[in-house]
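Student: predicted model follows, preceded by the sequence.
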Amino acid sequence: MQHAKKYEFNSAVLKAVESCAAGRRKADSVMEECFPTGCGFSRSAAEAVLLQWLRNRMLIDAAVFSLCKKNPKKNALNVLRAAAADAMSSEGTKFAQVVHNWVGFSKTKISGNESGFVNAVLRKLPDAVEKLRRSSGSAESLAIKYSHPQWLVEKWTKQFGAEKTLEILECSQTPSEVFFRVSPFPQASKLFSDYAVCFSKTEFENFFKLKGGFWSRAKELLKSRFFYVQDPSTYFAPLQFSPMPGSYLDLCAAPGGKSRAIADLILKNGSAEKSKNSLLVGVDLPERAGQLAENFSKIDFMKAEVAECDILDGESLSETLSSKNLPLEYDGVFVDAPCSNTGVLRRRPDARYRISENDIAACAKKQLEILETAKKFVKPGGKLEYSTCSIEKEENSEVVHRFLSKNKNFSLISENILLPKYENDGAGYALIQRDV
Ligand SMILES: C[S@@+](CC[C@H](N)C(=O)[O-])C[C@H]1O[C@@H](n2cnc3c(N)ncnc32)[C@H](O)[C@@H]1O
């Protein structure tokens with residue numbers, strides 16, 4: 001009982017590591033299950049260890065295996081993974097304490113012999129990790145060093161070159177920051193000034209980076225309708241869309257970050273009076289509509305409607321819009337398509353182990369189908385914005401050009417891929433226009 005209490009943190013972290021190692025589970029749901037509210041340890045510390053492990057999963061395994069004559073048993077391997085991630089988060093003298101703690105835990109969890117083995121491996125682990133980190137730049141060694149699938153490293157090197165690939169990999173290993181976007185209302189800047197101490201500026205207008213330790217204060221801002229937690233990369237497609245007062249259909253809208261950006265841009269680009277008569281319709285699957293409706297309820301400076309349907313289900317979208325007396329043609333249609341997420345891997349360090357090359361092809365197929373549906377709702381002369389948080393050409397340029405080759409009455413205005421950097425995630429976006 002005493003042990004159970006003393007090692008509650010270790011047990012929970014180990015359970016989370018086992019859960020992620022066993023399958024393709026999402027880290028968010030594993031953390032919710034293993035680190036529940038009211039648990040007797042620091043949830044944020046446990047989450048930090050799990051994320052550290054996910055970010056360095058291949059590196060840790062390679063270092064552990066390099067120190068073992070034969071493959072460790074599953075239980076011992078998972079203890080080593082969890083302990084290594086915890087140790088990697090700590091420095092100097094704390095490292096010895098962390099190792100001591102995990103060795104103590106392993107005595108309660110696995111056999112005495114194995115805990116001796118855990119102890120021996122953990123103490124040599126920093127040198128083994130360092131050796132792998134110093135290894136030269138073949139795709140295989142980069143894949144291990146940065147814990148990314150080798151096929152992805154090879155793919156990026158082909159697409160972006162060695163230098164850019166290295167930058168992407170390095171960014172992916174940096175824990176992501178939290179950014180707040182401030183809406184273009186005079187009241188927003190006034191309210192924000194009371195909280196300015198919580199943030200530092202970024203190179204992106206209206207985006208502010210939350211400083212460590214200020215979340216509980218800064219989250220007060222989210223009760224108002226002027227602030228949204230959003231990465232700067234999510235703003236590029238709405239900016240390119242550049243909506244003026246008018247009618248807009250946002251397909252794949254949930255949870256609503258880009259819808260909100262579109263609404264704010266309509267307000268910024270037109271007067272408050274003209275914006276009032278604008279219409280923004282957000283569409284997503286029924287199971288995502290609740291969250292979308294909650295965010296749309298804050299867009300009270302124009303007509304904002306939520307429609308729930310599967311847009312790939314035959315005439316479902318036309319029928320849903322008609323049943324709500326909403327237009328069937330819009331000045332602009334925005335498509336933020338589901339994708340492989342390769343531009344946001346630092347935000348979701350578990351995602352890199354779940355995606356495969358086949359998933360990229362499957363996403364591209366679905367994305368083209370969504371664009372084919374979207375085109376039916378664009379007015380003559382209207383705009384069609386295509387956006388993803390993938391940096392793969394197969395999901396961006398290739399989808400757009402396949403669409404254009406089938407639809408000669410649409411032309412490309414501009415297309416871009418934004419690579420992940422320290423102050424932004426990656427994204428792909430293209431502006432297409434329907435002929436008059
Ligand atoms: C990248 S997310 C959208 C993020 C959103 N635009 C934002 O900024 O908050 C893609 C969305 O596409 C939706 N989606 C995927 N397939 C769909 C379908 N067949 N019909 C409607 N929505 C779909 C998903 O439910 C998901 O919410």
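Tutor: Structure's in. What do you need?

Student: what bridges to Q433?
Tutor: Beta-bridge partners for Q433, by DSSP bridges, are K383, S411.

Student: that one is in contact with P380, isn't it?
Tutor: No. Counting by Cβ atoms under 8 Å, P380 is not a contact partner of Q433; they are 10.1 Å apart. To be clear about C-beta, it is placed using only N, CA and C from the backbone, and glycine gets the same treatment.

Student: more neighbours: those two, which one.
Tutor: In this view Q433 and P380 are compared by other Cβ atoms under 10 Å, and Q433 has more residues nearby, 16 against 9.

Student: dump the residue contacts of the more buried one.
Tutor: G381, G382, K383, L384, F410, S411, I413 (Cβ atoms under 8 Å, 6 or more residues apart in numbering).

Student: one more pass at 10 Å, please.
Tutor: G332, V378, G381, G382, K383, L384, N409, F410, S411, L412, I413 (Cβ atoms under 10 Å, 6 or more residues apart in numbering).

Student: how about D425?
Tutor: 171-172, 176, 179, 231-234, 341, 343-347, 389, 391, 418-419.

Student: among these, which lie within strands?
Tutor: F179, L418 (DSSP state E).

Student: same for the ligand: which of the contacts of D425 are within range?
Tutor: Within the set of those, contact with the ligand (Cβ under 6 Å from any ligand atom) is found for T234.

Student: now the common contact residues for Q433 and P380.
Tutor: Common neighbours of Q433 and P380 (Cβ under 10 Å, 6+ apart) are N409.

Student: drop anything exposed from the contacts of Q433.
Tutor: By neighbour count, with 16 or more other Cβ atoms under 10 Å, the contacts of Q433 hold G332, V378, G382, K383, L384, F410 as buried.

Student: in which helix or strand does the first one reside?
Tutor: I take that to be G332. According to DSSP states H and E, G332 maps onto strand 330-336.

Student: for that strand, packing partners?
Tutor: The contact analysis (3 or more Cβ pairs under 10 Å, 6 or more residues apart in numbering; DSSP states H and E) places strand 330-336 against helix 236-241, strand 247-251, helix 257-269, strand 279-284, helix 357-374, strand 378-388, strand 427-434.

Student: how many neighbours does the residue in the stretch 1-150 of the chain positioned nearest to the ligand have?
Tutor: Residue nearest to the ligand within the stretch 1-150 of the chain: K26 (14.3 Å; Cβ to the nearest ligand atom). Neighbour count of K26, defined by other Cβ under 10 Å: 13.

Student: what do you get for E415?
Tutor: E415 has 16 nearby residues by other Cβ under 10 Å.

Student: list the contacts of it.
Tutor: Q240, Y386, N396, S397, V400, H401, G428, Y429, A430, L431, I432.
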